[in-house]
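Q: fold the stuff below for me.
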Amino acid sequence: MLRMTAIRIPQMIVVILIVTIIAFVMVNLLPGDVISVILGDQYTPEAAAELTKELALDQPIPVRYVIWLWHAIHLDFGSSLATHVSVMESMLQDALPTVELVIGAMFAAIILGSALAIGAVVSRNPWIDRAGTALALVCTSLPNFILALIVTTIFGVQLHLIPTIGWADPGDAGWGANIRAIIVPSIVLGLTIFPSIMRIFRAELQEQLESEEYVTLARMKGVTGFGLVWRHVARNSAFGLITVVAAGLGPLVSGAVILENIFAIPGLGTLLFQGIQLHDSPVVVGCVTIVAVIVVLSNLGADLAYAMLDPRVRDALNR
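A: The predicted structure follows:
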């Protein structure tokens with residue numbers, strides 16, 4: 001395990017560096033003048049020259065990146081060029097809605113994927129299996145914003161079951177105020193990873209049912225159907241879900257960045273898009289860095305979880 005972690009950490013650092021370099025260069029090459037955006041009606045050549053020097057925008061991009069990287073290593077992502085608020089402070093303030101959305105999506109994906117997997121195994125009806133496979137194929141093929149439009153139209157516009165947009169301040173309305181508002185985005189985001197959960201869990205259930213001795217013993221005692229799968233097989237097959245869920249954390253965070261702007265959720269995604277619109281490089285690169293760190297850590301967590309739970313992988317790593 002330690003050997004695997006030692007190998008993966010340098011790889012993670014390289015990936016994060018590459019992502020931050022690309023983000024830093026791209027945001028600094030965007031068309032438009034960030035100085036004009038910041039100064040607005042107060043723009044004068046003298047004020048522009050002074051602000052350019054103050055923000056070190058007169059330095060070459062590589063020099064500015066090295067300066068940014070040195071501060072970022074110390075968890076200082078600088079201040080917003082537009083609001084002069086600390087980027088770290090802004091990200092911490094906007095992180096809660098993103099966390100709520102990702103957790104809700106994780107629960108939605110696990111519930112839907114597990115239910116379809118168990119239903120396909122218990123019923124042995126090919127139509128249920130085909131329906132689940134078709135739904136998984138649709139969710140895999142369609143981008144998030146199309147799924148958002150479909151779910152919003154059905155549950156929000158047509159059935160009027162849940163709100164489709166809007167977000168209350170928890171400090172004013174309480175922590176439970178956004179539970180209903182987050183249902184639609186959570187379902188949409190969860191649909192992006194539920195196919196993997198359904199496929200892996202179904203394969204684990206099928207393998208356990210066909211090969212394990214305890215299943216034969218349970219059947220001899222008269223336990224069959226849903227009771228057999230739910231009380232005995234599902235519990236022993238669930239460890240495979242841990243790696244899928246851990247690996248899905250990265251895509252969920254990335255998807256949340258897009259969906260937050262569609263559903264007007266004031267999270268990290270909204271902060272990122274506002275930074276792009278304002279050419280606010282500290283905000284953009286800070287948000288991209290945090291998302292990249294979450295993605296690589298989730299992948300590492302998935303690999304470590306799989307190694308700990310699968311004796312074959314664990315033994316191979318210990319040799």
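Q: walk me through the domains of the chain.
A: 2-73, 90-318 (automatic domain parsing).
Q: closest one to Ser80 among these?
A: domain 90-318 (5.2 Å; CB to CB). The C-beta positions use only the backbone N, C-alpha and C, and glycine is treated the same way.
Q: grab the nearest non-local neighbour of the residue most central in space within the chain.
A: Residue closest to the average C-alpha location in the chain (CA atoms, centre = their mean): Val253, at 1.7 Å. Distances taken as CB to CB, 6 or more residues apart in numbering place Ile294 nearest to Val253, at 5.0 Å, with adjacent residues excluded.
Q: packing partners of the helix ranked longest in the chain?
A: Criterion DSSP state H: the longest helix present in the chain is helix 87-123. Using 3 or more CB pairs under 8 Å, 6 or more residues apart in numbering; DSSP states H and E, the elements in contact with helix 87-123 are helix 126-141, helix 183-190, helix 194-211, helix 225-228, helix 239-262, helix 268-277, helix 281-309.
Q: mean neighbour count, the domains of the chain: which tops it?
A: domain 90-318 (a mean of 18; mean count of other CB atoms under 10 Å).
Q: off-centre distance for that domain?
A: Offset of domain 90-318 from its chain centre (CA atoms, centre = their mean, to the nearest Å): 9 Å.
Q: show me what contacts the residue nearest to Val253?
A: Leu249, Gly250, Val253 (CB atoms under 8 Å, 6 or more residues apart in numbering).
Q: coming back round to it: wait, which of the domains of the chain is closest to Ser79?
A: domain 90-318 (6.4 Å).
Q: ok so, going back, export the domains of the chain to CSV and tack on distance to Ser80 and mean pLDDT?
A: Output for the domains of the chain, formatted as CSV (distance: least, CB to CB, whole Å; pLDDT from 0 to 100):
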stretch, distance to Ser80, mean pLDDT
domain 2-73, 10, 81
domain 90-318, 5, 79
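Q: what separation is there between Val138 and Leu149?
A: 13 Å (CB to CB, to the nearest Å).
Q: before we move on, the earlier item: now the domains of the chain in TSV, with distance to Leu81?
A: TSV is the format used below for the domains of the chain (distance: least, CB to CB, whole Å):
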stretch	distance to Leu81
domain 2-73	6
domain 90-318	5
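Q: so which of those domains is nearest Thr83?
A: That would be domain 90-318 among the domains of the chain, by CB to CB, at 7.8 Å.
Q: the longest helix of the chain to helix 126-141, inter-axis angle?
A: Put simply, helix 87-123 runs at 160 degrees to helix 126-141, going by axes from the mean of the first three to the mean of the last three CA atoms, to 10 degrees.
Q: report the inter-axis angle for helix 87-123 versus helix 281-309.
A: Going by the same axes, to 10 degrees, helix 87-123 makes 40 degrees with helix 281-309.
Q: centre of the chain to helix 87-123, how far?
A: Distance of helix 87-123 from the chain centroid (CA atoms, centre = their mean) equals 9 Å.
Q: between it and helix 194-211, how many degrees?
A: Using the same axes, to 10 degrees: helix 87-123 against helix 194-211 is 40 degrees.
Q: and the angle for helix 87-123 with helix 183-190?
A: For helix 87-123 against helix 183-190, the angle by the same axes, to 10 degrees is 70 degrees.
Q: could you give the bridge partners of Ser86?
A: Per DSSP bridges, the residues bridged to Ser86 are Ser79.
Q: surely it and Leu92 touch.
A: No - using CB atoms under 8 Å, Ser86 is not in contact with Leu92; the gap is 9.0 Å.
Q: what does stretch 30-46 contact?
A: Ala47, Ala48, Leu51, Thr52, Leu57, Leu81, Ala82, Ile276, Leu278, His279, Asp280, Ser281.
Q: max pairwise distance over those residues: which two?
A: The largest distance within those, taken as CB to CB, falls between Ala47 and Ile276 and amounts to 24.0 Å.
Q: what residues does Ala135 make contact with?
A: I think there's a mix-up here, since residue 135 is Leu and not Ala. Counting by CB under 8 Å, 6+ apart, Leu135 has contacts Leu116.
Q: how close does Phe263 sit to Gln158?
A: Phe263 is 17 Å from Gln158, by CB to CB.
Q: cool, and Glu89?
A: Glu89 sits 41 Å away from Gln158, going by CB to CB.
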